[in-house]
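Chemist: below are the sequence and a predicted model for it; my questions follow.
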Amino acid sequence: MYWLGIDIGSISTDLVVLNDENKVEKALYLKTGSRPAEAVREGLRLLGKDYESSQVGGVGVTGSGRNLGSAIAGGDVVKNEITAHARAVAAMDEEIRTVIEIGGQDSKIILMEDGLVSDFAMNTVCAAGTGSFLDRQAARMGVSIEELGDMAASAKESATIAGRCAVFAESDLIHKQQAGVREDALMAGMCRALAMTYMSNVAKGKKVKPKICFQGGVAANKGMRKAFEELLGEEVMVPKEHKIMGAMGAAIIAREKSSGRTGFKGFETGDKEICLSEKSCGGCSNNCSVTAVMAGGREHGFYGDICGKYSSLTFMKNRID
């Protein structure tokens, strides 16, 4: 029996297949773009090449698009990103006390005690503390994000960059670049500026304790890891599954919450055309705007209703069928 985890974010949609020992059997890291439904559909189609729908014991969904993903795939559990990431970390190492998570568009800090969340915080709307800032600067300087990280990690000195605001940081970078500052020093300065912005914004007022786990797409950047270790004076570990921790956590929770039956709609959903439409419920004063998911021209699922009138009925129907 396998357990499917889906994490739908603004940058990537991740799908993970776990076995009964919480080991990753297969993982997909797909670009979400502006079409999250298509990303989920593509992930299911690809996994369907290697697995049978009957092998899936449960599905967990997380991320900003979790309700949409659950309606498409037939989620058994739908959890926020904090819960999913924390569960994956606890399953990996219960001695971890601080989780630094930085993605393309958001970042968060999770503090843990005995494998449970004790506190957390997320970033503001500014891009200066996220991976999109590094991506933009790497593109502007004509290097890959991997090259940026390697050069920053090997730099012997770091330029001082004003990192509190993405706009000011870019202006500062351009000014120093025109002044002849070495590229590796600039890249190290970018990483340090992002790390400092994270610590003064997301982690403000939080007591960072070891063990420290760094995850999210930005964790692959060696310069960022070095910057955090220098700022914190502690070792920062980066798990090999750093990109897919949310999906892993969702799958683990699905396994733990399993009742022996699943609402999974099958990998064949990946071969069906997905269409979305909105309608007003009108069943009560909430007057919810409900999104209907159609697959292959047939009713497939709903989300958006506060009381669960539509989504819960569809979910139970999947289980009965």
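Modeler: Here it is on my side, so go on. Numbering: from 1, shown residues only.
Chemist: every contact and neighbour count from this point should use C-alpha atoms.
Modeler: Noted.
Chemist: in stretch 132-148, what's buried?
Modeler: Buried residues in stretch 132-148, defined by neighbour count with 16 or more other CA atoms under 10 Å: Ser132, Phe133, Leu134, Asp135, Gln137, Ala138, Ile145, Glu147, Leu148.
Chemist: quick one: secondary structure of Ile110?
Modeler: Judged by DSSP: H, G, I helix; E, B strand; the rest coil, the three-state class of Ile110 is strand.
Chemist: ok, back up a step: adding pLDDT and secondary structure, write the buried residues of stretch 132-148 out as JSON lines.
Modeler: Below are the buried residues of stretch 132-148 laid out as JSON lines (pLDDT from 0 to 100; DSSP: H, G, I helix; E, B strand; the rest coil):
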{"residue": "Ser132", "pLDDT": "74", "secondary structure": "helix"}
{"residue": "Phe133", "pLDDT": "75", "secondary structure": "helix"}
{"residue": "Leu134", "pLDDT": "79", "secondary structure": "helix"}
{"residue": "Asp135", "pLDDT": "79", "secondary structure": "helix"}
{"residue": "Gln137", "pLDDT": "76", "secondary structure": "helix"}
{"residue": "Ala138", "pLDDT": "80", "secondary structure": "helix"}
{"residue": "Ile145", "pLDDT": "78", "secondary structure": "helix"}
{"residue": "Glu147", "pLDDT": "84", "secondary structure": "helix"}
{"residue": "Leu148", "pLDDT": "83", "secondary structure": "helix"}
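Chemist: nearest to Glu241 among the residues you listed?
Modeler: Of all the buried residues of stretch 132-148, Ile145 has the smallest distance to Glu241: 18.5 Å, by CA to CA.
Chemist: what's the spacing between the residue nearest to that closest one when sequence neighbours are not counted and Thr32?
Modeler: Closest residue in space to Ile145, ignoring its immediate chain neighbours: Ala138 at 5.8 Å, by CA to CA, 6 or more residues apart in numbering. Note on Ala138: its distance to Thr32, by CA to CA, to the nearest Å, is 21 Å.
Chemist: hmm, back to that, give me every residue that touches the residue nearest to Ile145.
Modeler: Ser144, Ile145, Leu148 (CA atoms under 8 Å, 6 or more residues apart in numbering).
Chemist: wait, the last one sits on Met187?
Modeler: Put plainly, it is Leu148. Yes. Contact criterion CA atoms under 8 Å: Leu148 and Met187 qualify, at 6.2 Å.
Chemist: all strands of the chain, in order?
Modeler: If you assign secondary structure with DSSP state E, the strands in the chain sit at 2-8, 12-18, 24-31, 56-62, 77-78, 98-102, 107-113, 116-122, 212-215, 236-237, 274-280, 289-295, 298-303.
Chemist: report all helices and strands that the second one contacts.
Modeler: On a contact count with 3 or more CA pairs under 8 Å, 6 or more residues apart in numbering; DSSP states H and E, strand 12-18 meets strand 2-8, strand 24-31, helix 36-47, helix 245-256.
Chemist: one more pass at 6 Å, please.
Modeler: For strand 12-18, the packing partners by 3 or more CA pairs under 6 Å, 6 or more residues apart in numbering; DSSP states H and E come out as strand 2-8, strand 24-31.
Chemist: I'd like to know which elements the shortest one is packed against.
Modeler: In terms of contact count using 3+ CA pairs under 6 Å, 6+ apart, strand 2-8 is assigned the packing partners strand 12-18, strand 56-62, helix 245-256.
Chemist: make a markdown table from the ones you listed and add mean pLDDT to it.
Modeler: Formatted as a markdown table, the helices and strands packed on strand 2-8 follow (pLDDT from 0 to 100):
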| stretch | mean pLDDT |
| --- | --- |
| strand 12-18 | 95 |
| strand 56-62 | 96 |
| helix 245-256 | 96 |
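Chemist: understood, closing this out.
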